[in-house]
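> what would the 3D arrangement of this be:
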Amino acid sequence: MKNVLIIGTGTIGEPLIGLFADFKEKLGVEVFFHKRTPLVDEVAKVDSLIARGANLVVDSKRVEEFQALGHEPVLNYEAALKLCDIIIDCTPAGNAAKKEHYLPLSEKYKSKCFIAQGSEKGFGMPYAYGINDDALLREKPQFVQVVSCNTHNIASLIKTFCPTITDLYCGDFTCIRRANDISQEGNFISSPAVGGHSKNSFGTHHAKDAYDLFATMYEHPNLFSSAMKTNTQYMHTIRFNIQIRKYATEKDIFDKLESNKFIALTHKTLANRVFSFGRDHGYYGRIFNQTVVVEPTISVSRTNGTTQIAGFCFTPQDGNSLLSSVAAAMYKIHGDKYKEYMNLFDDYLFKRI
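All right, here's what the predicted structure looks like:
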């Protein structure tokens, strides 16, 4: 039995804690979670996570404040860092924590693994479950950065249409992002807001992040992206245009989409209907697929020996990155057998929505 510490109880941290807790016996882990701030309006959330089998960890100086809310922490933060084999940081301060806490620990405890989320660029080797597992097996990184939800989406499309990256001529993506998560209070916007192209030949960081992910496999795709935010809380949407160097029919393309277990197909064209399906039928309301491709929007055309595939797809937000965090932890714990443990979640991947 190995110990996993999840830091943060926000949009990614909360469902990840619950996921590990629900499957802890089958995954072979004991689950700890760190909450920094005691909040009266989040008492129910903490109680629920504890009831599901997770152990509360708090800063030493906040113990009495948590006890006043009715919680009983089992460890302080420093003790949990030393005890746990896997530390998964789900906060926007992963790189700062790496410098202050994780690097000193990594030098003393070589067997520990540290995992951060998509916003923490440079934290460690970029990783997405089902995309660059070969790099994970080869590099055996102590620090891993699980890439963002939109990077999962873009990479999944590329790998599906181009199992060999040399088959890709170019890929262009417009990321139409939700304003904020339904659980968040701030940052909502009143109207669509377009973004600039600050990443030179890549446009926005979305293409650059996907490029960096493939670079871990010594592959260097030609990618470009744009981004905008819309005044919705439902889902991100991506408009993609991928050109491959092979002749392919519409049937070929749909066969590729249907054969990838990480891709769901849908005839629904409204994000709220896809989101609602996930709420009603997903694991605790999540869609774990890396992308939901909208079938009626797919256009396949051929010219001069190349094939162009264009269409729209929805990004399941934190759902797709949750499995990558679990996969990275399972690899560190179970080695080459980690995919056997990840098969537990195949039943929660949809073929159609």
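> how far is stretch 204-216 from where the chain is centred?
14 Å (CA atoms, centre = their mean, to the nearest Å).
> mind listing what's buried in it?
Going by neighbour count (16 or more other CB atoms under 10 Å), the buried part of stretch 204-216 is T204, H205, H206, A207, K208, D209, A210, Y211, D212, L213, F214, T216. (Glycine included, C-beta is placed from N, CA and C.)
> want to throw the residues you listed into JSON lines with distance to R62?
Listed next are the buried residues of stretch 204-216 as JSON lines, based on distance: CB to CB, whole Å:
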{"residue": "T204", "distance to R62": "38"}
{"residue": "H205", "distance to R62": "35"}
{"residue": "H206", "distance to R62": "37"}
{"residue": "A207", "distance to R62": "41"}
{"residue": "K208", "distance to R62": "38"}
{"residue": "D209", "distance to R62": "35"}
{"residue": "A210", "distance to R62": "39"}
{"residue": "Y211", "distance to R62": "41"}
{"residue": "D212", "distance to R62": "37"}
{"residue": "L213", "distance to R62": "37"}
{"residue": "F214", "distance to R62": "42"}
{"residue": "T216", "distance to R62": "38"}
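> neighbours around S190, how many?
Look at S190: counted by other CB atoms under 10 Å, it has 7 neighbours.
> which non-adjacent residue is nearest it?
N231 (6.1 Å; CB to CB, 6 or more residues apart in numbering).
> who's in contact with that neighbour?
A179, F188, I189, S190, S191, P192 (CB atoms under 8 Å, 6 or more residues apart in numbering).
> repeat that for M235.
For M235, the contact set (CB under 8 Å, 6+ apart) comprises R178, A271, V274, F275, F314, T315, P316, Q317.
> got it, and F314?
Counting by CB under 8 Å, 6+ apart, F314 makes contact with M235, H236, T237, I238, T266, A271, V274, T291, V292, V294.
> my read is that the second one contacts T174, right?
No: contact criterion CB atoms under 8 Å: H236 and T174 do not qualify, at 10.9 Å.
> now the closest residue to N3 other than its chain neighbours: how far from G124?
Leaving aside its chain neighbours, N3 sits nearest to C84 (4.2 Å; criterion: CB to CB, 6+ apart). Using CB to CB, to the nearest Å, C84 is found at 17 Å from G124.
> who has more neighbours, those two?
Using other CB under 10 Å, the more surrounded residue of C84 and G124 is C84, with 25 against 22.
> and the gap between that one and Q290?
Relative to Q290, and taking CB to CB, C84 is found at 28 Å.
> buried ones in stretch 238-247?
Neighbour counts using 16+ other CB under 10 Å place I238, F240, I242, Q243, I244 of stretch 238-247 among the buried residues.
> try stretch 65-76
Applying 16+ other CB under 10 Å to stretch 65-76 flags F66, H71, P73, L75, N76 as buried.
> so which of these sit within helices?
F66 (DSSP state H).
> would a markdown table of the buried residues of stretch 65-76 with pLDDT be doable?
Listed next are the buried residues of stretch 65-76 as a markdown table, based on pLDDT from 0 to 100:
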| residue | pLDDT |
| --- | --- |
| F66 | 97 |
| H71 | 97 |
| P73 | 97 |
| L75 | 96 |
| N76 | 96 |
